[in-house]
Each structure stands twice: as structure tokens, then as C-alpha cells.
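Novice: the following block contains a protein sequence and its predicted model.
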Amino acid sequence: MKVGAKFPSRMPTAYVLRHLAFPPPPSHYQPSVQLDGSVRPPQVSFRDQGRIRKACRMADIDPIAVLGLPEEVATHKKAVQPRGNKREVKLYEKEKKIEESMARMDERIASWKEERRKAKEAAKPEMPF
């Protein structure tokens, strides 16, 4: 099923259409906690909930208000490290290291000049001849 298409490549299954026509109670979409503390998955699986949401988008139905589906939560984490092969990752790390070093370069140059000036003064003899 394509979300933006007027006519999807595949029609929703009979299971999904049954859930649109005769929605189960909202508790069927939520995980339940048993007395011993263990969590049971919802009666309607998360994958099926996604399929139902997609069919609702195609039919312009609000799945939260009409069917009682829980709000959609994005669970994907952003990748911190760039993806790629080893060479690309090393290149990225090298560029990052150079950038950090260049940010501190003015301080390093100033401290180096100061040390050099002090060393030159210390090397001068007290007597001018």
C-alpha cells in the first residue's frame, strides 16, 4: 500500500478491513501487565496496528479518535556516528579532530610565542658584551 497514492498497489487485507468496520475495544491495542509484573503484548500486534493506521490514512479516518488506536510514537534513535565504510569513518574523525584543533589554534600560537619570548630573554646575557 502506498500512502500518497489514490489507488494503492495492494488493497488492505480482510483482517485490516474488519478492524476498520468493527473496531475492537481500545484495550486490545495496549500491552497488558500481569500480576507477576510481566508484560504481555497487545492482542492486536504492533505490525497490524501499523497496517490499520495505513488503511485509515488511505480512507481519511482518524485512527486515534475513531478506532481508539494509541498515538504513534517514533522509536528510532538518531545515529551518532556516520554510516559508511572504515575509510569514510576515519576521514570523518580526522576532519572532526582537525576542526577542534583549529578552534584552539589562536591560543596555542599565543602561548608558543610567549614561551619563545621568555626563552630568548633567558638566553640573553646580563652584560651587553
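Specialist: Sure thing, it's come through.
Novice: only C-alpha atoms for contact and neighbour calcs from this point on.
Specialist: Will do.
Novice: which parts of this structure are helices?
Specialist: All helices of the chain, identified by DSSP state H, fall at 14-21, 46-58, 86-103, 105-123.
Novice: out of the ones you listed, which one sits most buried?
Specialist: The highest average neighbour count among these, using mean count of other Cα atoms under 10 Å, belongs to helix 46-58 at a mean of 17.
Novice: got the angle for that one vs helix 14-21?
Specialist: On the basis of axes from the mean of the first three to the mean of the last three Cα atoms, to 10 degrees, helix 46-58 is oriented at 60 degrees to helix 14-21.
Novice: confirm for me that residue 30 is in contact with residue 42.
Specialist: Yes: checked against Cα atoms under 8 Å, the pair residue 30 and residue 42 is within contact range at 5.1 Å.
Novice: need the helices of the chain in CSV (columns: mean pLDDT and distance to residue 75).
Specialist: Below are these laid out as CSV (pLDDT from 0 to 100; distance: least, Cα to Cα, whole Å):
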stretch, mean pLDDT, distance to residue 75
helix 14-21, 92, 23
helix 46-58, 91, 12
helix 86-103, 92, 25
helix 105-123, 94, 41
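Novice: okay if I get those helices as CSV plus distance to residue 76?
Specialist: Listed next are the helices of the chain as CSV, based on distance: least, Cα to Cα, whole Å:
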stretch, distance to residue 76
helix 14-21, 25
helix 46-58, 15
helix 86-103, 22
helix 105-123, 38
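Novice: tell me which of those lies nearest to residue 70.
Specialist: Nearest to residue 70 among the helices of the chain is helix 46-58 (9.2 Å), distances taken as Cα to Cα.
Novice: which strands or helices does the closest one pack on?
Specialist: Helix 46-58 is packed against helix 14-21, with contacts defined by 3 or more Cα pairs under 8 Å, 6 or more residues apart in numbering; DSSP states H and E.
Novice: who's in contact with the helix it packs on?
Specialist: 48, 51, 52, 55, 56, 67 (Cα atoms under 8 Å, 6 or more residues apart in numbering).
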